[in-house]
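> below: sequence and its predicted model.
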Amino acid sequence: MQISGKVKLPEGKRVAVNIGCDFDAASVWMGTFKKFSPAYMARGEFGAEVGTPRLLKLFEKYNIKASWCIPGHTVDTHTDICKEIVKLGHEVCHHGYAHEDPTNLSYEEEEKIMKMGLEALEKIDVKPRGYRSPAWDYSPNTLSILEKYGFSFDSSLMGNDLYPYRPRPVEVNVDKGNVFGSPSSIVEIPVSWFLDDFPTQEYVIGGGEGMRSTQEVFERWKSIFDYACDSEEGACFVLTTHPQTIGRAHTIQMLEQLIQYMESRDAWFATLGDIFDSYVENK
């Protein structure tokens with residue numbers, strides 16, 4: 001059975017809300033979509049030069065500390081704005097080096113990327129407590145590498161939706177049932193594609209269709225938040241955004257509308273680290 005837990009909320013608050021900013025910049029186009037043209041690099045540049053400043057301004061307006069998951073490549077390319085994120089007191093998590101898919105990497109290849117990401121983050125004085133896998137995928141070695149490097153929490157998996165839990169290695173079989181290993185020392189703060197801006201908004205030729213109505217996205221995110229508020233106790237709502245996506249004029253207005261709505265319903269805006277620190281395991 002999965003071991004999960006609740007979030008101990010501050011008095012008067014109804015649900016923990018984390019706004020994650022996966023600051024991929026160009027790396028998502030290179031690492032995930034294998035696109036290297038100047039046009040795709042410009043989309044990443046927009047995230048660094050326009051989207052991120054807009055988000056920082058919005059978070060300052062509502063006194064929100066967000067969790068910025070930053071690949072090392074973004075740190076090495078857009079160093080100054082990454083330093084600004086740190087200076088403003090936001091949380092920074094490890095997010096690979098160039099948004100690599102770890103699925104088929106060897107242990108040595110994956111560990112090399114882990115070290116490259118850590119070295120880049122060290123340049124902006126960050127020693128991350130948390131990790132988010134690029135494109136939310138794992139290799140069979142990912143969990144043990146995170147344990148080896150002393151991470152406290154991960155936010156990449158979907159074994160739950162509104163509650164943190166202990167991830168387990170899984171032996172995958174097709175001729176018999178899968179076999180789970182022992183729960184990890186790491187706490188998983190789960191994510192969901194339903195709470196991600198990228199799939200519904202980003203148009204990728206030959207890939208994602210994107211460009212869906214922001215009202216449709218708002219209604220889905222509001223519905224999930226309302227369920228967490230009204231039907232669950234000690235839940236967390238983990239939203240994943242991307243500066244090059246949510247930083248557009250039409251999407252950032254939708255995000256502000258959502259923040260105002262959640263604020264009116266006593267949301268506790270928290271970093272992933274805050275949620276980890278408030279995690280109480282079920283007996």
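Everything's here; your move. Numbers count the residues shown, from 1 in each chain.
> ok but Gln215 is inside a strand, no?
No: Gln215: not assigned to a strand; according to DSSP: H, G, I helix; E, B strand; the rest coil it is helix.
> and the residue nearest to it when sequence neighbours are not counted, what are its phi and psi?
In space, and not counting its chain neighbours, Gln215 is closest to Met254: 7.6 Å by C-beta to C-beta, 6 or more residues apart in numbering. The way it works is simple: take the backbone N, C-alpha and C, and place the C-beta from them, glycine included. Main-chain dihedrals, Met254, degrees, to the nearest 10: phi -60, psi -40.
> please apply the same query to Val179.
According to degrees, to the nearest 10, Val179 has phi -120, psi 120.
> same question for Glu91.
phi -80, psi 140.
> with adjacent residues omitted, what lies nearest to it?
In space, Glu91 is closest to Thr271, 4.0 Å off (C-beta to C-beta, 6+ apart).
> ok, now which ones touch that neighbour?
By C-beta atoms under 8 Å, 6 or more residues apart in numbering, the contact set of Thr271 is 18, 65-67, 90-91.
> in terms of distance to Ala135, which of those ranks first?
Nearest to Ala135, judged by C-beta to C-beta, of the contacts of Thr271 is Ser67 at 17.1 Å.
> hey, where'd the helices end up in the stretch 1-150 of the chain?
For the stretch 1-150 of the chain, the helices defined by DSSP state H, counting those that start in this stretch occupy 27, 38-46, 52-61, 72-77, 79-87, 107-122, 142-148.
> circling back: do you know how far the residue nearest to Gln215 is from Ala270?
Separation of Met254 from Ala270 (C-beta to C-beta, to the nearest Å): 21 Å.
> so for those two, which residue has more residues nearby?
Legend: neighbour count by other C-beta atoms under 10 Å for Met254 and Ala270, higher for Ala270 (28 against 20).
> how about that one, what does it touch?
Applying C-beta under 8 Å, 6+ apart, the residues near Ala270 are 16-18, 65, 236, 278.
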